[in-house]
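Q: Structural data only, the sequence is not supplied:
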C-alpha cells in the first residue's frame, strides 16, 4: 500500500493510496480518512457512476463527523482503470468509472472487473491489517451505483458489514437501464448470475440484514424520475420479507453531492450507533 | 440575474448565477448559498488562483454553518472569462482565473479585468437589491489570492465589510512573485497603484479595520514556504499600526480545500459574531 497524497483534515488525514490487487489483477486506487486519536470503527463508502476515489473525500464534508466518531473511512475507486479493455472508455455508464461492484464473467472483463471480490478479498483485509483496532466494527454505505453496491455487499455479508446505508441507490438494477447494460456487459445474457447483484431480488430471495437499512432519496432526483433507481421495488420487497428500512424521502433534493453533504452526518451517526460506537 | 443551476443543500439552496456586469463589460458568473428561513447577514467569499465560482460551494462544506447562522453566501468567479484578451489562458497565475481583485490599468485589461469595482459596484448592489434583509451586516473572506482580495477590500471599505478573515492570504503581493507578475500585467510597471492592492502596505499606510482580522495559515503550505504568502510581513505591519489580528498557525495543514474545510466553521462563527448575528 502506497500513500500518494496526504492532506491534514479535521485533525486527521485524508489520504490517497494505491496497491496491487489480485482480484482485479491491476493497480487499484482508494482513499482513506484516518481520524485523529484511537480508531473505533470503519466505514466503506462506494461511489457512483463516473466517480473516482476522490469525489466523496472532497465534496461530501464527511471528515468532521468521521473525526468526531473516530471512524476510519475507506473509499475505493469505482473500477479498474487503464487496462485497454474494449469499450471501457466509450460511455460513462459502463467500463471505467462504472464497475457496478460485480465479479464479471464475460471475456476480458472476467480477469479485471471484479469489484465485488476486490472489496471483500483485497481491500478489506488490507485495511484490517493496517488498522486492527477496527476489529469487526465495519459498516458500508454508498451513492447511486455505490448505494447498489453497499446494499448488495451488506445483504450478502451481514456479519462482515454490520451496518448498511445508501443515498439514492440503484435499488433494482435488474429492471433499470443502467443495471441491464452493466450486467449484460459484465455478466453476459440475463441469467441467475444477475440476481446475486440485485438488492431487491436478494430481499425477495430471503437475504436479510439484522440491522435496519438506512436509505435517503431526493424527490427531485432526475434518475428517480427516469426509473433508474426504483426504491419503491426495494421497499415493497422489504415489507414482504420483514427487512426493516429507515427510508427518508427528501423533498426538493436531487442526485448530487449537495444532497449527500446535506445528510452525510445522519448516515455517519446511524452507522456509529449500529456499530455500537455510541449509544 | 439568471440562475443557471440550483441544488437544495441543508434546507437552503446552492445556486449558480450569471449577470451582465458594467464594471467588467462582460457576463460574470457567481454562486450563492441561500439559507433556509430569514436571512440575517451576508458573507462574500473570494476564491484563489484557478478557482471558479464552484470550488468553495462544492468543497468547503460551509453550507451547514451558513444555514445555521442564517447567512447568505456570495462567491464571485475569479476573473472575467472568454474575452479573447492576449495571454489570459496561457498561465494559471495570470488572466482567466487570476483576476487578483484589482482594477486593471493596462491596455485591454482596463476594460474588463476590474474585479475590485465589480465586487463593490456590481455584485454587492445586486445582492443587496435581491436580499435587502442583509442590510449592512456584510463580511468578506477568502483564500490565497482571494484572502488577499478580502483583506484589501475589507481594509479599504471597513464600513461596507464589517468583518474580514482569510485563509492563507497572499498578504504582501508587492513582494511575492505571484503578486508582482499580476500587478505588472494588470497595473503596469511598479508604481503607487500597486500599493492600494497590498494589505501589508495598506496597514503601513494607516488603513485600519475596527474589527480584528482572522487569519488561518497552515504550516505545511507549499506556497508559504515559497514566499508567496508572507503573512509575517502583514503581522509585523499590524503590530506596528495597532491593527488587531487573530492569527492561527495550523500545524500540518497545507494550502488545499481540505485545510479550508477544517476551519471554515470557525470563520463563519467569527463573522456571525462580528456581524452581531449571535453573541
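A: Nice, thanks for sending it over. Since the model is a prediction, treat every value here as computed from it, not as a measurement.
Q: Please make it C-alpha for all contacts and neighbour counts, starting now.
A: Noted.
Q: Name the residues of the helix or strand bottoming out on mean pLDDT in chain A that come out as buried.
A: The weakest-scoring helix or strand in chain A, judged by mean pLDDT, DSSP states H and E, is helix A:192-195 (a mean of 94). Using 16 or more other Cα atoms under 10 Å in any protein chain shown as the test for burial, helix A:192-195 gives A:193, A:194, A:195.
Q: list the helices and strands it packs on?
A: Using 3 or more Cα pairs under 8 Å, 6 or more residues apart in numbering or on different chains; DSSP states H and E as the contact test, the elements touching helix A:192-195 are helix A:177-187.
Q: how about the helix it packs on: buried residues?
A: In helix A:177-187, counting by 16+ other Cα under 10 Å, buried: A:178, A:179, A:180, A:181, A:182, A:183, A:184, A:185, A:186, A:187.
Q: Tell me how many other residues crowd the residue nearest to the second one when sequence neighbours are not counted.
A: Beyond its immediate neighbours in the sequence, the residue positioned closest to residue A:179 (Cα to Cα, 6 or more residues apart in numbering or on different chains) is residue A:173, lying 4.1 Å away. Applying the criterion other Cα atoms under 10 Å in any protein chain shown, we find 27 residues in the vicinity of residue A:173.
Q: And the pLDDT for residue A:173?
A: Note for residue A:173: predicted pLDDT of 98.
Q: Look at residue A:228 and tell me its secondary structure.
A: coil (DSSP: H, G, I helix; E, B strand; the rest coil).
Q: hmm, who's touching the longest helix seen in chain A?
A: The longest helix of chain A (DSSP state H) is helix A:257-274. Contact partners of helix A:257-274, identified using Cα atoms under 8 Å, 6 or more residues apart in numbering or on different chains, comprise A:41, A:43, A:59-62, A:65-66, A:69, A:71, A:139, A:162-165, A:167, A:211, A:214, A:218, A:253, A:278-279, B:7-11, B:14, B:58, B:61, B:64.
Q: Keep only those of those residues that are in strands.
A: A:41, A:43, A:71, A:139, A:163-165, A:167, A:214, A:218, B:7-9, B:14 (DSSP state E).
Q: Please identify which of those is nearest to residue B:50.
A: Comparing the ones in strands among the contacts of helix A:257-274 against residue B:50 with Cα to Cα picks out residue B:14 as the nearest, at 20.6 Å.
Q: Test my guess that the closest one contacts residue B:30.
A: No: using Cα atoms under 8 Å, residue B:14 makes no contact with residue B:30, being 10.9 Å away.
Q: which of the two has more neighbours?
A: Of the pair residue B:14 and residue B:30, residue B:14 is the one with more neighbours under other Cα under 10 Å, namely 23 against 20.
Q: Let me see the contact set for that one.
A: A:258, B:6, B:7, B:8, B:31, B:32, B:33, B:34, B:57.
Q: if we go to 7 Å?
A: The contact partners of residue B:14, taken as Cα atoms under 7 Å, 6 or more residues apart in numbering or on different chains, are B:6, B:7, B:8, B:32, B:33, B:34.
Q: Report the entries of those that also contact chain A.
A: Among those, the residues that sit close to chain A (Cα under 7 Å from any Cα of the partner chain) are B:7, B:8.
Q: Identify, from the contacts of residue B:14, the entry nearest to chain A.
A: For chain A, the nearest member of those is residue B:8. The distance, counting by Cα to the nearest Cα, is 5.3 Å.
Q: Let me see the confidence value for the nearest residue to the closest one once chain neighbours are set aside.
A: Closest residue in space to residue B:8, ignoring its immediate chain neighbours: residue A:253 at 5.3 Å, by Cα to Cα, 6+ apart. Predicted confidence (pLDDT) for residue A:253: 98.
Q: hang on, residue A:253 packs against residue A:218?
A: Yes: using Cα atoms under 7 Å, residue A:253 is in contact with residue A:218, at 4.3 Å.
Q: From chain B, how far off is residue A:56?
A: 10 Å (Cα to the nearest Cα, to the nearest Å).
Q: nearest spatial neighbour of that residue, skipping sequence neighbours?
A: Residue A:56's closest residue in space is residue A:47 (Cα to Cα, 6+ apart), at 7.2 Å.
Q: How about the contacts made by that neighbour?
A: With the criterion set at Cα under 7 Å, 6+ apart, residue A:47 makes contact with A:78, A:142, A:143, A:145, A:146.
Q: cool, residue A:26 as well?
A: Contact partners of residue A:26, counting by Cα under 7 Å, 6+ apart, are A:20, A:80.
Q: With residue A:100 instead?
A: A:145, A:149.
Q: can you list contacts of the least confident helix or strand of chain A?
A: With Cα under 7 Å, 6+ apart, helix A:192-195 has contacts from A:183, A:187, A:201, A:202.
Q: The same query, at a cut-off of 10 Å, please.
A: Residues outside helix A:192-195 that contact it (Cα atoms under 10 Å, 6 or more residues apart in numbering or on different chains): A:102-105, A:172-174, A:179-180, A:183-184, A:186-188, A:201-202, A:205.
Q: now that helix: how far from the chain's centre is it?
A: Helix A:192-195 sits 19 Å away from the centroid of its parent chain (Cα atoms, centre = their mean, to the nearest Å).
Q: Just give me the residue closest to the centre of chain A.
A: residue A:46 (2.5 Å; Cα atoms, centre = their mean).
Q: Would you double-check that residue A:51 falls in a helix?
A: No: the assignment for residue A:51, made by three-state DSSP, is coil rather than a helix.
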